[in-house]
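> the sequence isn't on hand, but the structure is:
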């Protein structure tokens, strides 16, 4: 049997070896105490500046539509944003479009707010989930209390101090969409004009959102875990964004390295084949 | 909130409230369960006509509500000038959609349980997985419902309930879901290694751009540019010479941001226009029931 050259062996590398390399790379750089300061990207800076404009007591709608599958990107984003909102003493309400997003965002907000003395019902509330976001936004614009009716705990929203006197979504000062899916065009299309919309997508969704940033239809964007790291840096807090971004950084390096190696192996293999011919 | 408070929200007459509540629930159930055999008994042509009509009317309502001008006080003097006469019906439409969604969920659950129960009873191939599914389904559903009821203060929230729900939801479901999704990273790595080959000029440009963006958007890009190479960060001063301006814009994060905003955004906009037009055409086909499989 003819022995394989190193380049041929590289081209037919066992995929399990690649999986193992990536796994070790992620674990090592997730746990390693290496922390590289992020360069604050313009969309994240705009996001921060927009929240800085809020006054104490301003009401913010957070549309949290992520579930466990995108937890690594959306959780650090939402935690950092909540901390910033609480620093600005803004009030906020949540809405989700499916059951798991509702449970995750409610439990996360309960945990984060517990440490700061934010009181459920008075400073924040969760409206549960609505199956059709378009219709829900239109309903909230026209008549918020009869669209939502009750919060996640079953309390009629007329009894929630946080939305006392609020008749329409138009009375909110800001909308923040934390999502891995394409919900932001729905908020842009149907929410009342003049309310700034901020966006926290996963990295893979961010490329599509630059058109809305350009047009000013969204005022700022936190892109995935690395955006969360930038935001944590702006807030001077230690969150999940930094270690996650660290692992992503070195995974990107590994992927690039192996793409280059794969191309080198292909090139060397061709050269060798020509020589033999 | 107690059960009586919960029922009180339905605004039923005070006298015989529980009887009314029971009748409302039973009546709605009979109506919904009765509707299915009625629809099933219709001849195919009649069923199709019904579906086409309902789809058309529903689409017409949402389109008309969106496109009609808002001020109709000239025709309906008592109407709100900030919205048109169809707008108040949006809320009932939302309720109908919620009911349809709940029915679909119930139907899906019924189908899933039926299929896996049959697998277990008939001991089909890999019936053990069906047992796992059924046990997981019943356990999760039971504790989720109990947890929701305890949030609404309809049952007592005990530490045991909270612990069990936390184990099932936070430490099992969430972790499994996250782990499943993270597997994509491994496939991407393997696929990128095998498929990303420079075979043409276009592929070379694509690969070079991808690499710049991949490194430029992560903290490592900033570290290489500003700490290792010592490039100046931020915009160049107004009166700077061309070399200083070049150095200020040569950092990987700046180049990656330029690629995303100057190259990616226009391309995305063009794609979105195409998708929008395609979506409109598809919506019209669905609305008019021209799409195959709709009826």
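Received it, and whenever you're ready, just let me know what you need. Keep in mind that this is a model prediction, so the values were computed, not measured.
> which parts of the stretch 1-150 of chain B are helices?
B:3-8, B:17-41, B:44-67, B:90-121, B:127-151 (DSSP state H, counting those that start in this stretch).
> right, and those helices - which one's nearest chain A?
With CB to the nearest CB, the closest approach to chain A among the helices of the stretch 1-150 of chain B belongs to helix B:90-121: 3.9 Å. Every C-beta, even on glycine, is put in place using the N, C-alpha and C of the backbone.
> now do the buried residues in the closest one.
In terms of neighbour count (16 or more other CB atoms under 10 Å in any protein chain shown), helix B:90-121 has its buried residues at B:90-91, B:93-94, B:97, B:116, B:119.
> can you list the buried residues in stretch A:3-17?
A:7, A:10-11, A:13.
> what sits closest to residue B:82 if chain neighbours are left out?
Excluding the flanking residues, the one nearest residue B:82 by CB to CB, 6 or more residues apart in numbering or on different chains is residue B:70, at 6.1 Å.
> could you do residue B:224 as well?
Spatially, and ignoring its direct neighbours in sequence, residue B:224 is nearest to residue B:252 (6.3 Å; CB to CB, 6+ apart).
> related to what we said a few turns ago, how about the helices of the stretch 1-150 of chain B in TSV, adding mean pLDDT?
Below are the helices of the stretch 1-150 of chain B laid out as TSV (pLDDT from 0 to 100):
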stretch	mean pLDDT
helix B:3-8	60
helix B:17-41	81
helix B:44-67	89
helix B:90-121	87
helix B:127-151	92
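> format the ones you listed as a markdown table; extra columns: distance to residue A:188.
Formatted as a markdown table, those follow (distance: least, CB to CB, whole Å):
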| stretch | distance to residue A:188 |
| --- | --- |
| helix B:3-8 | 36 |
| helix B:17-41 | 36 |
| helix B:44-67 | 15 |
| helix B:90-121 | 19 |
| helix B:127-151 | 32 |
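> now these in JSON lines, with distance to chain A?
As requested, these are exported to JSON lines (distance: least, CB to the nearest CB, whole Å):
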{"stretch": "helix B:3-8", "distance to chain A": "7"}
{"stretch": "helix B:17-41", "distance to chain A": "16"}
{"stretch": "helix B:44-67", "distance to chain A": "8"}
{"stretch": "helix B:90-121", "distance to chain A": "4"}
{"stretch": "helix B:127-151", "distance to chain A": "5"}
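> where does residue A:200 land on pLDDT?
pLDDT, residue A:200: 96.
> please apply the same query to residue A:181.
On pLDDT, residue A:181 comes in at 88.
> pick out the residue nearest the middle of chain B.
What sits nearest the mean C-alpha location of chain B, by CA atoms, centre = their mean, is residue B:101, with 12.7 Å.
> thought that residue was touching residue A:131?
Yes - look at residue B:101 against residue A:131 with CB atoms under 8 Å: they come within range, at 3.9 Å.
> so how far is residue B:205 from residue B:95?
Between residue B:95 and residue B:205 the distance is 53 Å, computed by CB to CB, to the nearest Å.
> what's the answer for residue A:240, then?
As judged by CB to CB, residue A:240 and residue B:205 stand 35 Å apart.
> neighbour count: those two, which is higher?
With neighbours defined as other CB atoms under 10 Å in any protein chain shown, residue A:240 and residue B:205 compare such that residue A:240 has more, 19 against 11.
> grab the nearest non-local neighbour of the more buried one.
Nearest residue to residue A:240, sequence neighbours excluded (CB to CB, 6+ apart): residue A:76, at 4.0 Å.
> surely the one you found meets residue A:238?
No - checked against CB under 8 Å, the pair residue A:76 and residue A:238 is beyond contact range at 10.8 Å.
> what is in contact with the two at once?
residue A:232 (CB atoms under 8 Å, 6 or more residues apart in numbering or on different chains).
> the more surrounded of those two?
More crowded of residue A:76 and residue A:238, by other CB under 10 Å: residue A:76, with 27 against 11.
> what's the burial count for residue A:140?
The number of residues packed near residue A:140 is 28, by other CB under 10 Å.
> so which other helices or strands are in contact with the strand or helix carrying it?
Secondary structure from DSSP states H and E places residue A:140 in helix A:133-142. Packing contacts for helix A:133-142, counted by 3 or more CB pairs under 8 Å, 6 or more residues apart in numbering or on different chains; DSSP states H and E, involve helix A:144-148, helix A:184-190, helix B:90-121.
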